[in-house]
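Colleague: the following block contains a protein sequence and its predicted model.
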Protein chains: 2
Amino acid sequence: MDTAVGAIFEQGQHSIKVPVPVYIRSSASIVGTKEGEGPFKDSFDVVGIDDKFGCDTWEEAESTLQKEALQLAIGKSCISKEEIRYLFAGDLLGQCIASSFGLASFQIPLVGMYGACSTCGLTLSMATVMIAGGMAEHAACVTSSHFASAEKEFRYPLGYGNQRPLSASWTVTGSGAFVLSSTKSEHDRAMIAGLTVGKIMDYGLKDSMNMGACMAPAACDTIYRNLMDFGRIPSDYDKIITGDLGSVGQKVLWDLMRKKGMDISKVHMDCGMEIYDQSQDAHAGGSGCGCSAVVLSAYILKQLEEGKWKRVLFVPTGALLSKTSFNEGQSIPGIAHAVELVSCK
Amino acid sequence: MDTAVGAIFEQGQHSIKVPVPVYIRSSASIVGTKEGEGPFKDSFDVVGIDDKFGCDTWEEAESTLQKEALQLAIGKSCISKEEIRYLFAGDLLGQCIASSFGLASFQIPLVGMYGACSTCGLTLSMATVMIAGGMAEHAACVTSSHFASAEKEFRYPLGYGNQRPLSASWTVTGSGAFVLSSTKSEHDRAMIAGLTVGKIMDYGLKDSMNMGACMAPAACDTIYRNLMDFGRIPSDYDKIITGDLGSVGQKVLWDLMRKKGMDISKVHMDCGMEIYDQSQDAHAGGSGCGCSAVVLSAYILKQLEEGKWKRVLFVPTGALLSKTSFNEGQSIPGIAHAVELVSCK
């Protein structure tokens, strides 16, 4: 078989060493009011004045987030909309309606994806595969979440004012978009060098108010496989960054990694723990497809762009539940997709 | 840029000529009782005795369909489960739970996809991209739908016994699975030679009991772009096969294609119109992710395998609605993903 140079093919290894460079040409982040009061408030491209973003429903508001984020990212890329060959997108809502209604007007062929809150990693991975495989020159990725549409989709109507335990996370209102390209430019934000696609991991946990613990085994599996496949140790990365494990999930992840003989505590960061500060009452941290996406755009890529970090493993994490599976007493399996980002400096 | 040989890169063209052959090594179909009484009853691998497939809920039954279909397809492929590098899967349920719970036990990295009833085309497309790009040797695709879980997800509880207009379709209970490989074998069912990823098309229709009409513009756009990109006319294909337009959607598609100067009526077939016969009271026809998938496995691939058809355009169609978007008065956009299948004879 005529395999691409450098792709990993040993049986039992599921990582991909990206055979030709894929560049993140540009990105954009747009967030809601609460995120705009957090530690990254000055780094987001747009902070909404009101979480409905001028729309009548929360779902339309989330669609608007995707539309605006993608528009901004394309604008910054100096690549025309017509040159973007494919869109890779997804969100948390049933039947991914935030993407369907947010992206229709672009008239770019759409690859719809679902990985719960790990979707940002999945879209970046598949866009990279398509570009590195020589089947597109430019592609864009966009994911989103919205606190109010997610509460409606998964939990209680906001009007109920239900109490949340400290292990619960707060769904980020925000969307992050990324334009990927096979051609190098003067202002690429980073390169994508490796991918580890996640497996479903199910430890039988059923507490939807403690999704960090549900997702931690998946994060552990993906990070461990990435390190094994590439023959690395945790400190080979400047940061290993999970999506939305939160403070409870982080502890579980560290413990699970220690059981495998790896200490990641010195290099681990979790987007959900960084996006809000303690005073914002978000409990375990932020979550949602939008969480890792906006932190990647606003903060992580900035560190890589400035050369402060050289190599980062970005691991968005997802909890594979629906209100139906939850109400039927099913467990909450997790999945995590890892993307290796390298500074262009 | 070092592009793969033969990939199409002209601006405005969104089709892919698959640069190296990708083979459908094996496939499997498993269906419910109603499908087992239809015209393809002798061609499906498994027909359930009862639509719950031994489970307690419709959702678990649908997960079981996926699990059994994939198990069968892998068994037929003579490729071990450990050699299958990636799974590409999706379904119609909120947060794609049929896939999450059906496929966890395989422990194969999962790329979750969402394209409504077009998902079969999307999974085959992305698996092909990954294999042709040299990033996997073998991959598997699986999609499903279930009449009862879909009615619960999108429409009314079955106990209501609501009436259905003649334009409504009947969600197929079934799952189709496919094992794709870069290596040729003695018993490949067909080759995948071309892909046209769909755009979201929204003509503003809002009738969820007439999804054929909602999806027809997307089918027209994808088929037309495929023909233009590859410089073909309809009769260059032995069949152009849509997923689940049904009898109403078929008329709309033919009319829309005629407006573009193309008559596809002689080569067009719709899986939804073939899976049930008139006496089965399915109204406009079958629908759902499972519809095109099981017809592909049980019937279309058989014709290609036997060399009765040489070249087929398989175009699963999807309606991008959720109960939330529907209840909020949104339109029902459509999407369709085309896969060109070529006989190995």
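Modeller: The structure has been received and is ready for your questions. Numbering: from 1, shown residues only, chains lettered A, B, ... in the order given.
Colleague: any idea how far apart the tips of stretch A:292-300 sit?
Modeller: 10 Å (Cα to Cα, to the nearest Å).
Colleague: that one close to chain B?
Modeller: No: Stretch A:292-300 stays clear of chain B (Cβ under 8 Å from any Cβ of the partner chain), getting no nearer than 15.9 Å. For glycine as for every other residue, the C-beta is placed from the backbone atoms N, C-alpha and C.
Colleague: mean confidence for that stretch?
Modeller: On average, the pLDDT along stretch A:292-300 is 98.
Colleague: what's the burial count for the one residue in chain A that gets nearest to chain B?
Modeller: Here chain A gets closest to chain B at one residue, residue A:133, 2.0 Å apart by Cβ to the nearest Cβ. For residue A:133, the neighbour count with other Cβ atoms under 10 Å in any protein chain shown is 27.
Colleague: ok, now how distant is it from residue A:279?
Modeller: Using Cβ to Cβ, to the nearest Å, we find residue A:133 at a distance of 47 Å from residue A:279.
Colleague: before we move on, what about residue A:10?
Modeller: Residue A:10 sits 49 Å away from residue A:279, going by Cβ to Cβ.
Colleague: one more: residue A:130?
Modeller: Here the criterion is Cβ to Cβ. By it, residue A:130 lies 43 Å from residue A:279.
Colleague: now residue A:155
Modeller: Plainly put, residue A:155 is 23 Å away from residue A:279 if you go by Cβ to Cβ.
Colleague: of these two, which one has the most company?
Modeller: Under the criterion of other Cβ under 10 Å, the comparison of residue A:155 against residue A:279 puts residue A:155 first, with 17 against 8.
Colleague: ok, that one - contacts?
Modeller: Neighbour list for residue A:155: A:162, A:208, A:323 [criterion: Cβ atoms under 8 Å, 6 or more residues apart in numbering or on different chains].
Colleague: filter these down to the ones near chain B?
Modeller: The subset of the contacts of residue A:155 within reach of chain B, by Cβ under 8 Å from any Cβ, is residue A:323.
Colleague: just the buried residues from the contacts of residue A:155, in PyMOL please.
Modeller: In PyMOL syntax, the buried subset of those is picked out as below (16 or more other Cβ atoms under 10 Å in any protein chain shown):
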select buried, chain A and resi 208+323
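Colleague: turn the contacts of residue A:155 into JSON lines, including pLDDT, distance to residue B:110 and secondary structure.
Modeller: Converted to JSON lines, these look like this (pLDDT from 0 to 100; distance: Cβ to Cβ, whole Å; DSSP: H, G, I helix; E, B strand; the rest coil):
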{"residue": "A:162", "pLDDT": "85", "distance to residue B:110": "32", "secondary structure": "coil"}
{"residue": "A:208", "pLDDT": "89", "distance to residue B:110": "21", "secondary structure": "coil"}
{"residue": "A:323", "pLDDT": "92", "distance to residue B:110": "21", "secondary structure": "helix"}
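Colleague: the residue most central in space within chain A in helix, strand or coil?
Modeller: In chain A, the C-alpha closest to the average C-alpha coordinate belongs to residue A:120, at a distance of 3.4 Å (Cα atoms, centre = their mean). Three-state assignment for residue A:120 (DSSP: H, G, I helix; E, B strand; the rest coil): helix.
Colleague: that one contacts residue A:292, correct?
Modeller: Yes: Residue A:120 is in contact with residue A:292 according to Cβ atoms under 8 Å; the separation is 5.1 Å.
Colleague: overlap in contacts, the two.
Modeller: Shared contacts of residue A:120 and residue A:292 (Cβ under 8 Å, 6+ apart): A:176, A:243, A:316.
Colleague: buried residues of whichever helix or strand residue A:223 is part of, list them for me.
Modeller: Under DSSP states H and E, the secondary-structure element containing residue A:223 is helix A:211-230. Neighbour-count burial for helix A:211-230, with 16+ other Cβ under 10 Å as criterion, is recorded at A:211-227, A:229-230.
Colleague: what kind of secondary structure is residue A:88 in?
Modeller: Going by three-state DSSP: residue A:88 is strand.
Colleague: selection in PyMOL covering whichever of the shared contacts of residue A:120 and residue A:292 are buried, please.
Modeller: The buried residues among these can be selected in PyMOL (16+ other Cβ under 10 Å) with this line:
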select buried, chain A and resi 176+243+316
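Colleague: can you list contacts of stretch A:71-82?
Modeller: Under Cβ under 8 Å, 6+ apart, the answer for stretch A:71-82 is A:25-28, A:30, A:45-46, A:84, A:106, A:108, A:138, A:140, A:142, A:177-179, A:181, A:185, B:11-12.
Colleague: are any of those residues buried, and if so which?
Modeller: Of these, these count as buried by 16+ other Cβ under 10 Å: A:25-28, A:30, A:45-46, A:84, A:106, A:108, A:138, A:140, A:142, A:177-179, A:181.
Colleague: please flag which of those residues sit within helices.
Modeller: Among these, no residue falls in helices (DSSP state H).
Colleague: what about the strand ranked longest in chain A, average pLDDT?
Modeller: Assignment by DSSP state E gives strand A:15-31 as the longest strand of chain A. Averaging pLDDT along strand A:15-31 gives 96.
Colleague: and the angle for that strand with helix A:211-230?
Modeller: Orientation check (axes from the mean of the first three to the mean of the last three Cα atoms, to 10 degrees): strand A:15-31 against helix A:211-230 gives 140 degrees.
Colleague: strand A:15-31: partners in the sheet, and parallel or antiparallel?
Modeller: Sheet pairing here is set by DSSP bridges, and for strand A:15-31 it gives strand A:46-47 (parallel), strand A:174-181 (antiparallel), strand A:190-196 (antiparallel).
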